[in-house]
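>>> this one's sequence-less:
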């Protein structure tokens, strides 16, 4: 994440297109906003458009706008998202879901810095920086013919990758507490924090939904918890926590059995370590390593 922060500061000073990759829920739009807010365009608009959330038949008019009478129902002129972002930043989220025919229109806009509204006859110059993002592997999409290669290279001038939450060691607890403070104030609840089992469950959960999943679980828990502390049950991670405890308990049982066997062998051999090692079927150095592993010694075994 520190590297990502450094990269955000670097690319913010450029007008070149930025491509942000990462799994769903990792914070790609937040990354795009951070770039915009640190750029010379910060005082102008940051306009986001989610290609996956708009019907394919409507994306073109949403991006480029249309003139009055361009089609049935076009009672007045509509300014598209690109024009709204004039002087600022256009964030094209889930660009991998953009239909092939519209990919050509987006490429033409990026090359010429002009657009043409649906039903319009004159090109309109626009000054907009484009930041695109997707969870789709665009290189693979290019190979499969689902994404234009020329547009891919046009978008992918500066590439940032937002890591998944499971790879951000230590961040999940900090973020969980941050969101809990936010939701506690919103819900007017005086929640003191997370129980130890809840924190263990937070640390060990794989977080397939990334930051979005963490926010969802903490928000729900802050509403549903009945005490002063949020539990693993409140986070709906109790089942996983129980499975994890079972694995931990099995490891403890094995280590206890190993420790007991070493203790018994040394006792039966009257503290003769060579004889005890032979009884256990290991070398003397191995026996010493086992003793060190269990943090025992001749005094504690007597």
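Received, thanks. Just so it is clear, the model here is predicted, and its values are computed rather than measured.
>>> where in the protein is the helix or strand with the lowest mean pLDDT?
Lowest on mean pLDDT, DSSP states H and E among the helices and strands of the chain sits helix 298-301, with a mean of 38.
>>> quick one: pLDDT of the residue located most distally from the centre of the chain?
Centroid-distance maximum for the chain: residue 270 at 57.8 Å, with C-alpha atoms, centre = their mean. pLDDT for residue 270: 83.
>>> ramachandran coordinates for it?
phi 50, psi 40 (degrees, to the nearest 10).
>>> which ones are touching residue 209?
24, 25, 216 (C-beta atoms under 8 Å, 6 or more residues apart in numbering). For every residue, glycine as well, the C-beta is placed using N, CA and C.
>>> at 6 Å instead, please
residue 25 (C-beta atoms under 6 Å, 6 or more residues apart in numbering).
>>> quick one, strands of the protein?
18-21, 46-50, 89-93, 114-115, 124-125, 129-134, 158-161, 193-194, 229-230 (DSSP state E).
>>> got CSV for those strands, with mean pLDDT too?
Putting the strands of the chain into CSV (pLDDT from 0 to 100) gives the following:
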stretch, mean pLDDT
strand 18-21, 96
strand 46-50, 96
strand 89-93, 96
strand 114-115, 92
strand 124-125, 94
strand 129-134, 96
strand 158-161, 96
strand 193-194, 92
strand 229-230, 92
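>>> in CSV: these, plus distance to residue 59 and mean neighbour count.
Shown next, in CSV, are the strands of the chain (distance: least, C-beta to C-beta, whole Å; neighbours: other C-beta atoms under 10 Å):
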stretch, distance to residue 59, mean neighbour count
strand 18-21, 19, 24
strand 46-50, 8, 18
strand 89-93, 10, 25
strand 114-115, 14, 17
strand 124-125, 18, 13
strand 129-134, 14, 25
strand 158-161, 24, 16
strand 193-194, 42, 19
strand 229-230, 41, 19
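>>> for residue 71, find the nearest of those strands.
Among the strands of the chain, the nearest to residue 71 by C-beta to C-beta is strand 114-115 (17.3 Å).
>>> got a pLDDT number for residue 248?
On the pLDDT scale, residue 248 gets 54.
>>> for residue 278, same thing?
86.
>>> okay, now it: neighbour count?
15 (other C-beta atoms under 10 Å).
>>> for it, list the residues it contacts.
Contacts of residue 278 by C-beta under 6 Å, 6+ apart: none found.
>>> now it: how far from residue 269?
8 Å (C-beta to C-beta, to the nearest Å).
>>> and for residue 275?
For residue 275 relative to residue 269 (C-beta to C-beta), the value is 4 Å.
>>> likewise for residue 34?
66 Å.
>>> residue 235 too?
51 Å.
>>> the more surrounded of the two?
residue 235 (26 against 16).
>>> ok, that one - contacts?
198, 217, 221.
>>> coming back round to it: of the strands of the chain, which is nearest residue 293?
strand 193-194 (31.8 Å).
>>> what are the pairing partners of the closest one, and which direction each?
strand 229-230 (parallel) (DSSP bridges).
>>> mind checking how far the strand it pairs with is from the chain centre?
25 Å (C-alpha atoms, centre = their mean, to the nearest Å).
>>> next one: stretch 2-10
Per C-alpha atoms, centre = their mean, the centroid offset for stretch 2-10 relative to its chain is 16 Å.
>>> pull out the buried residues from it.
Across stretch 2-10, burial judged by 16 or more other C-beta atoms under 10 Å covers 4, 7, 8.
>>> same deal with stretch 45-62?
Buried, per 16+ other C-beta under 10 Å, within stretch 45-62: 46, 47, 48, 49, 50, 51, 54, 59, 60, 61, 62.
>>> now do that stretch: everything it contacts.
Counting by C-beta under 6 Å, 6+ apart, 36, 81, 84-85, 88-95, 97-99, 102, 118 sit against stretch 45-62.
>>> re the thing from before, any chance of the buried residues of stretch 2-10 in a markdown table, plus pLDDT?
Shown next, in a markdown table, are these (pLDDT from 0 to 100):
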| residue | pLDDT |
| --- | --- |
| 4 | 94 |
| 7 | 96 |
| 8 | 97 |
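>>> out of the residues you listed, who's nearest residue 286?
So of the buried residues of stretch 2-10, ranked by how close each gets to residue 286 (C-beta to C-beta), first place is residue 4, at 45.2 Å.
>>> now do that closest one against residue 27, distance only.
10 Å.
>>> need the helices for the stretch 201-302 of the chain, in chain order.
210-224, 238-268, 273-280, 284-293, 298-301 (DSSP state H, counting those that start in this stretch).
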